[in-house]
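>>> I'd like to go over a predicted model; first the sequence, then the structure.
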Amino acid sequence: MNEKQKQALTVGLIFSVLLAFIVGYWYFMNVRDTVEKSRAEQTKIAAEIKSQKARLNEIEVFMANKDELEEMLLRVEKAKHRLPDDPEAIEFLAILTDSLNKTGVSVIEVSPRNHIPRALYVEIPYFIKGSARYHEFGQLLNLIECNPERFMRVSTFKMFKNDKRPSIHPIEVQIATFMFKESI
């Protein structure tokens, strides 16, 4: 190799090193930040895509169970019917009368009590005084608690001893029925 070629090679190497240094400097000052920002955005978008796919999967599963959805809507409608949005004392008294007739419990008094407002519903208590045999009384409580037409609950009950007629007991029952309260 002659002197001119050596100088050309040296200038070429210096130029190459200088070019590599400039490219490296430019990469570390400009491109690296852009690449890191792009990776962060890519990670964020990948997480969002994963979340959206999971949500889409839930929707597809929900839509696949359309029969189950219709069954849930039917149950809600039944519950809505059992929990009316007005007191409907006549309906309650008809159900109570029917239950009393089925069990043979005799009634002396049925009187409403003050309504008790709750968060989503209003409790409507009734006081019942009468007499019944032990078995009849149990049947009445069961008919009230398990009534398919209206939500009702036996709040309290008392059964007393009657010395004159030991098989028939004086009773006092507080029954609560409920009314749906529209949200405010």
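All right, it came through fine. Numbering: from 1, shown residues only.
>>> rest of the way, CA atoms for contacts and neighbours
Noted.
>>> after the helix or strand of the chain with the lowest mean pLDDT, next one along is what?
Of all helical and strand segments in the chain, the minimum by mean pLDDT, DSSP states H and E falls on helix 66-82, at a mean of 76. Where DSSP states H and E defines the elements, the next helix or strand beyond helix 66-82 is helix 89-103.
>>> Give the other helices and strands that that next one contacts.
helix 134-145 (3 or more C-alpha pairs under 8 Å, 6 or more residues apart in numbering; DSSP states H and E).
>>> run the last query once more with 10 Å
strand 106-112, strand 121-132, helix 134-145, strand 169-180 (3 or more C-alpha pairs under 10 Å, 6 or more residues apart in numbering; DSSP states H and E).
>>> Run a quick neighbour tally on the closest residue to T177 other than its chain neighbours.
If the residues on either side of it in the chain are set aside, T177 comes closest to M152, at 4.4 Å by C-alpha to C-alpha, 6 or more residues apart in numbering. Applying other C-alpha atoms under 10 Å, we find 22 residues neighbouring M152.
>>> M152 contacts L93, correct?
No: in this structure, M152 is not within contact of L93 by C-alpha atoms under 10 Å, at 11.8 Å.
>>> what's in contact with stretch 6-17?
Stretch 6-17 has contacts (C-alpha atoms under 10 Å, 6 or more residues apart in numbering) with E3, K4, Q5, L18, L19, A20, F21, I22, V23.
>>> among those residues, which are in helices?
E3, K4, Q5, L18, L19, A20, F21, I22, V23 (DSSP state H).
>>> still on that earlier bit, return the most buried member of the helices and strands packed on helix 89-103.
Per-stretch averages of neighbours, counted by mean count of other C-alpha atoms under 10 Å, single out strand 169-180 among the helices and strands packed on helix 89-103, with a mean of 21.
>>> Against which helices or strands is it packed?
Using 3+ C-alpha pairs under 10 Å, 6+ apart: strand 169-180 touches helix 66-82, helix 89-103, strand 106-112, strand 116-117, strand 121-132, helix 134-145, strand 152-159.
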